[in-house]
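K.L.:
Sharing a sequence plus its predicted fold:
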There are 2 protein chains.
Amino acid sequence: MESPVGLRERKKAATRQAVHEATLRLTVEHGFDHVTVEAVADAAGISRRTFSNYFTNKEDALLYGEEQHIRALVQSVRDRPAEESSWTALRAAVAQFAEHMSPPEREWAVRTRLAMRHPSLLARQLANHAALERDLADAVALRTGPSDAPPRPLVMAAAFLASVRIAMRIWIEEDESRGPGAVMDEILDEMGQRFT
Amino acid sequence: MESPVGLRERKKAATRQAVHEATLRLTVEHGFDHVTVEAVADAAGISRRTFSNYFTNKEDALLYGEEQHIRALVQSVRDRPAEESSWTALRAAVAQFAEHMSPPEREWAVRTRLAMRHPSLLARQLANHAALERDLADAVALRTGPSDAPPRPLVMAAAFLASVRIAMRIWIEEDESRGPGAVMDEILDEMGQRFT
DNA sequence: TGCGCAATGGGCAATTTTGCACATTGCGCA
DNA sequence: TGCGCAATGTGCAAAATTGCCCATTGCGCA
């Protein structure tokens, strides 16, 4: 089940993740502007120079987690069987996605939200989301084939992502009564009326 | 209070310690002969090749902890003020030594003892102890100056180390009613009648 | 008894991390 | 307003780690 990646790659991934989490933790604690690269490097157990080998700046390190999730979601959609309808593929992908959303992930989401008070961060986050929307639309367009008119995948991707964001927000804000999958299902049922 | 050692050296020390502890743990669990270098390296999170960069073989890795303690004790004796009598210096050094012996260290000592069932390990341990006795005798001889006849430091070192070993054994075997320092004091009081 | 094989030790090159130097930037305070 | 200074980004060489290699060793099993 696990890919036979070597020790080298596993260590790099672990370090990258550690740097990201250190950045997130320190940012939540002290605010983005009051966190130095050196402090992050210390917290992650690496040198300041090595930080630069992994990320070009603090923002990249902070947004890395979300970008990972984005990449995983897009890839998951691409990996759905070709015979699934686009909306079904999207729902299946996000369901698989939600499986990995346990309490620690919820904690991560909450903290990420807390860290995003900084304007430049919000800007980058918006850009990421726009890119995600574009990539998802591409994946959808590729899936349905050239039969669908150009605007259709864009609309579907936008609707889908809006649903996901709403569901995430609700899941974060309500107590842990339901898992993220249940919330996703409810919102996507509501939105999906027009796509199924 | 802490030395301003660089990140590099701190990481090397941490890795060396991790390898040692992995070796100790696996040896206690499976027996020295049933532990491969590869298993130790995996447990310590390094490659087999890197293991070789730290230790030439499993025995070195297993005995590293004890050898560290030995070196620390000898150095501690050397660092005692020159005006202290030899026996006083030895007692002071071992008292300082015992300060760092908390429950985790006790656990370490117990496990080390468990791991030492292997003949080749016992042989090396004996050799280490002999070397320790020699080094301590040298330190004592250096301290008292050339006034003392040659056999005297040897006797003192031997008596001292015998006391320490007895105290360690008692401390390990009795429940955790007393700290190691108290046991040391009792045994060394008994032995020291002839040296103070 | 001799083969097969896993474990080991170590050479070597590629890759990564570190430490250090230096230029640039942005901000607070004189 | 301009200086001082901390933070940052980056080039570079030294050091550390990894992966791959092969020769040697010792042990179990045919």
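P.N.:
Yes, it's here.
K.L.:
Please make it C-alpha for all contacts and neighbour counts, starting now.
P.N.:
Fine.
K.L.:
Low-confidence regions, chain A specifically.
P.N.:
Applying pLDDT under 70 to chain A picks out residues A:1-4, A:144-149, A:194, A:196.
K.L.:
in which helix or strand would I find residue A:84?
P.N.:
Using DSSP states H and E, residue A:84 maps to neither a helix nor a strand.
K.L.:
Phi and psi next, for it.
P.N.:
phi -70, psi 140 (degrees, to the nearest 10).
K.L.:
now do residue A:31
P.N.:
Backbone geometry at residue A:31, expressed as degrees, to the nearest 10, gives phi 90, psi 140.
K.L.:
tell me the contacts of it?
P.N.:
residue A:115 (CA atoms under 8 Å, 6 or more residues apart in numbering or on different chains).
K.L.:
again with residue A:172
P.N.:
By CA under 8 Å, 6+ apart, the residues touching residue A:172 are A:106, A:109-110.
K.L.:
Now with 7 Å, please.
P.N.:
Neighbouring residues of residue A:172 by CA atoms under 7 Å, 6 or more residues apart in numbering or on different chains: A:106, A:110.
K.L.:
Same check on residue A:112?
P.N.:
Applying CA under 7 Å, 6+ apart, we find residue A:112 in contact with residue A:24.
K.L.:
What helices and strands are in contact with whichever strand or helix holds residue A:73?
P.N.:
Residue A:73 belongs to helix A:58-78 when assigned by DSSP H and E. Where contact means 3 or more CA pairs under 7 Å, 6 or more residues apart in numbering or on different chains; DSSP states H and E, helix A:58-78 is packed against helix A:7-30, helix A:86-99, helix A:119-144.
K.L.:
hmm, try it at 6 Å
P.N.:
Using 3 or more CA pairs under 6 Å, 6 or more residues apart in numbering or on different chains; DSSP states H and E, the elements in contact with helix A:58-78 are helix A:7-30, helix A:86-99.
K.L.:
residue closest to the middle of chain A?
P.N.:
residue A:69 (3.0 Å; CA atoms, centre = their mean).
K.L.:
Okay, residue A:111 and DNA strand D: tell me how far apart.
P.N.:
Noted for residue A:111: a distance of 20 Å to DNA strand D, by CA to the nearest atom of the strand, to the nearest Å.
K.L.:
can you tell me how far that residue sits from chain B?
P.N.:
Distance from residue A:111 to chain B, counting by CA to the nearest CA, to the nearest Å: 29 Å.
K.L.:
Residue A:51: neighbour count?
P.N.:
23 (other CA atoms under 10 Å in any protein chain shown).
K.L.:
How about the residues of chain A by DNA strand C?
P.N.:
Taking CA under 7 Å from any atom of the strand, the part of chain A that reaches DNA strand C is made up of A:8, A:11-12, A:15, A:45-51, A:53-54.
K.L.:
Looking at neighbours, which among these is most surrounded?
P.N.:
Counting neighbours by other CA under 10 Å, residue A:51 leads those with 23 neighbours.
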